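*Asks:* pasted the sequence and its predicted model underneath.
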Amino acid sequence: MNRLSYPDKDLIKSWIKLLSSSPNFLQEYLPLIDENWYDEVMSPIEMVQFPYYEQDVHIQAAHIFYKLTKNHYFIDGNKRTAVVIIYLFLIINRLTFKISPEELKSLAKNTAEDSIKEIDCSDPIKAVVVLSSIFKDITISI
């Protein structure tokens, strides 16, 4: 089993700088960012690194995506944050999405509303299971 990679605050800052500096497919998804934003984004990333979380990239991605979408770390931009950060997480783990950022944002919206693929996902564990299954289907190796 390959060890997963996790972004640290410096890598996330570099990622945001890259996305902000030139036109790209994720630029429109950037939320308002301040120093507090970086600290809040790191919270779910640090949490999933505890040993009791299964070390599968799709499950880890599902946990991070779910927590950024649902835990309302920010007044505005939770779903956009989830989209931007999950792209980075997958890239550093040699994966990318086969779907557009807009489709991923729609998945974030459905996650926030507890309805993923018309399945009631008000239970966080069920939501992560459903999301990890979806992530397996919509990601490819790079």
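*Replies:* Received it, and whenever you're ready, just let me know what you need. Residues are numbered from 1 along each chain as shown.
*Asks:* ok, residue 18 - how many residues close by?
*Replies:* The number of residues packed around residue 18, counting by other Cβ atoms under 10 Å, is 13. C-beta here means a position set from N, CA and C on the backbone, and glycine is covered the same way.
*Asks:* helix or strand: which one has the spatially most central residue of the chain?
*Replies:* Per Cα atoms, centre = their mean, the C-alpha nearest to the average position across the chain is that of residue 86, at 2.9 Å. Using DSSP states H and E, residue 86 falls within helix 78-92.
*Asks:* buried sites along the helix or strand following that helix?
*Replies:* Next helix or strand after helix 78-92 toward the C-terminus (DSSP H and E): strand 95-97. By neighbour count on 16 or more other Cβ atoms under 10 Å, the buried set for strand 95-97 is 95, 97.
*Asks:* neighbouring strands - and their directions - for strand 95-97?
*Replies:* Here strand 95-97 has these sheet partners by DSSP bridges: strand 139-141 (antiparallel).
*Asks:* who does the helix holding residue 86 touch, helix- and strand-wise?
*Replies:* Secondary-structure packing of helix 78-92 (3 or more Cβ pairs under 8 Å, 6 or more residues apart in numbering; DSSP states H and E): helix 9-21, helix 35-47, helix 57-70, strand 95-97, helix 101-112.
*Asks:* one more pass at 10 Å, please.
*Replies:* With contacts defined as 3 or more Cβ pairs under 10 Å, 6 or more residues apart in numbering; DSSP states H and E, helix 78-92 has these neighbours: helix 9-21, helix 35-47, helix 57-70, strand 95-97, helix 101-112, strand 139-141.
*Asks:* work out the gap between it and the centre of the chain.
*Replies:* 4 Å (Cα atoms, centre = their mean, to the nearest Å).
*Asks:* pLDDT of it, averaged?
*Replies:* Average pLDDT, helix 78-92: 95.
*Asks:* can I get the CA coordinates of that helix in CSV?
*Replies:* Extracted as CSV, the C-alpha positions of helix 78-92 are listed here (Å, rounded to 0.1, in the frame of the first residue of the first chain):
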residue,chain,number,x,y,z
ASN,A,78,-17.3,26.0,2.0
LYS,A,79,-18.2,24.1,-1.2
ARG,A,80,-15.7,26.1,-3.3
THR,A,81,-13.1,25.4,-0.7
ALA,A,82,-13.9,21.7,-0.9
VAL,A,83,-13.5,21.7,-4.7
VAL,A,84,-10.2,23.5,-4.7
ILE,A,85,-8.6,21.5,-1.8
ILE,A,86,-9.8,18.1,-3.0
TYR,A,87,-8.2,18.8,-6.4
LEU,A,88,-4.9,19.4,-4.6
PHE,A,89,-5.2,16.4,-2.4
LEU,A,90,-5.8,14.1,-5.4
ILE,A,91,-3.0,15.6,-7.5
ILE,A,92,-0.4,15.1,-4.8
